[in-house]
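Undergrad: Quick one: sequence plus predicted model below, questions after.
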Amino acid sequence: MKTKVMVIGFSADAVCASRFAVAVGAGFATIARHQFPDGETRITLPPVLPQHLAIYQSLNNPNAKLVELLLAAKTARRSGVKHLTLVAPYLCYMRQDTAFLPGEAVSQTIIGEWLAQHFDAVLTVDPHLHRVHRLADAVPVKRAIALSAAAAIGRFLSAQGRSIVLIGPDAESKQWVSVAATAAGCAFAVCHKERHADRATTVVLPEISLAGANVVLVDDIVSSGSTLMSAARECTAKGAARVDAAVVHALYGDEVGAELAASGITTVWSTDSVEHPTNAIPLDHLLASGFKDFVQYPHSTRVPTQR
């Protein structure tokens with residue numbers, strides 16, 4: 001028997017959250033939010049909630065959002081919700097999975113364990129995992145589902161109607177660029193990257209002819225943009241006619257956007273995992289496909305294979 005589900009979300013995610021709700025055939029309501037002068041926040045959930053509730057909140061700018069998420073989750077439980085799912089297209093604090101210096105916080109396990117205390121399931125897109133390769137190991141909930149936007153990116157690029165070559169700016173990007181290239185039906189290559197500091201990287205292109213080519217750089221996260229900038233300059237130096245970029249999570253502001261353009265990147269296309277001016281690739285149907293895998297049987301403890 002199909003379980004009745006409701007989706008709720010904060011105003012910042014309301015457009016994407018409502019599209020997701022439509023895609024899964026669920027009702028949608030916005031979480032009311034009031035900011036007090038002292039910086040504290042009051043949130044108000046709908047007065048009547050079903051036993052299975054999904055909270056949609058992308059966790060960019062996470063420090064304030066995590067507090068609001070805690071308030072929402074605890075309020076939902078006190079209102080009688082039995083099964084609580086977090087739909088977080090971008091999942092924060094996944095990049096630090098080890099301590100590099102004595103006393104350094106390992107944010108991945110701390111945030112992951114905290115989420116597991118409040119949610120039965122977490123659904124996200126392309127979490128930035130390195131030494132830990134399964135989302136369930138980082139976020140030990142009953143159902144941890146990590147989807148990939150790579151194929152959606154490839155289909156989007158194919159629909160642009162241009163002959164392209166996809167370039168991954170570093171070894172980590174191969175998992176996205178290879179799948180995107182298959183979906184787009186085009187060639188791809190992966191660069192070698194050396195990171196010298198947070199905003200200083202050197203990128204070395206592989207042996208591939210780019211003379212006159214339309215290049216699209218493909219990566220998961222862009223924040224400082226330094227890696228994409230280095231790759232773009234190298235592609236231009238190798239004779240590329242045009243350089244664009246397609247990314248999953250766009251986490252940068254106007255200043256970095258100007259720097260990306262100055263480095264030779266004509267257009268950046270991003271998924272709508274995070275609200276951003278570059279959004280071009282919606283994720284509602286991808287997220288709905290993952291959600292529907294377990295929505296009929298929300299109390300199952302099986303952790304599905306990540307896709």
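TA: All right, it came through fine.

Undergrad: Please make it C-alpha for all contacts and neighbour counts, starting now.
TA: Fine.

Undergrad: Dead centre of the protein: give me the residue that sits there.
TA: residue 90 (3.4 Å; C-alpha atoms, centre = their mean).

Undergrad: Pull the residues that contact stretch 101-108.
TA: With C-alpha atoms under 8 Å, 6 or more residues apart in numbering as the test, stretch 101-108 has contacts from 93, 94, 95, 96, 97, 98, 99, 138.

Undergrad: sorry, back to before: tell me the contacts of the residue nearest to the centre of the chain?
TA: 58, 59, 60, 124, 125, 126, 127, 249, 273, 274.

Undergrad: Show me what the helix or strand residue 181 falls within is packed up against.
TA: Using DSSP states H and E, residue 181 maps to helix 174-184. Packing partners of helix 174-184 (3 or more C-alpha pairs under 8 Å, 6 or more residues apart in numbering; DSSP states H and E): helix 150-159, strand 165-168, strand 187-190, strand 214-222.

Undergrad: Can you tell me what sits against the top helix by length along the chain?
TA: Counting by DSSP state H, the longest helix found in the chain is helix 62-78. Identification of contacts with helix 62-78 by C-alpha under 8 Å, 6+ apart yields 41, 43, 44, 45, 49, 57, 59, 84, 92, 118, 119.

Undergrad: so the fifth one, which of the three states?
TA: With DSSP: H, G, I helix; E, B strand; the rest coil as the basis, the three-state label of residue 49 is coil.

Undergrad: ok, residue 171 - how many residues close by?
TA: A count of nearby residues for residue 171, using other C-alpha atoms under 10 Å, gives 12.

Undergrad: repeat for residue 221
TA: With neighbours defined by other C-alpha under 10 Å, the count for residue 221 comes to 20.

Undergrad: In strands only, show me the contacts of residue 90.
TA: Among those, DSSP state E puts 124, 125, 249 in strands.

Undergrad: For the second one, which residues are in contact?
TA: What that stands for is residue 125. Contacts of residue 125 by C-alpha under 8 Å, 6+ apart are 88, 89, 90, 91, 146, 147, 148, 149, 273, 287.

Undergrad: Can you classify the fifth one as helix, strand or coil?
TA: Under the three-state scheme (three-state DSSP), residue 146 adopts strand.
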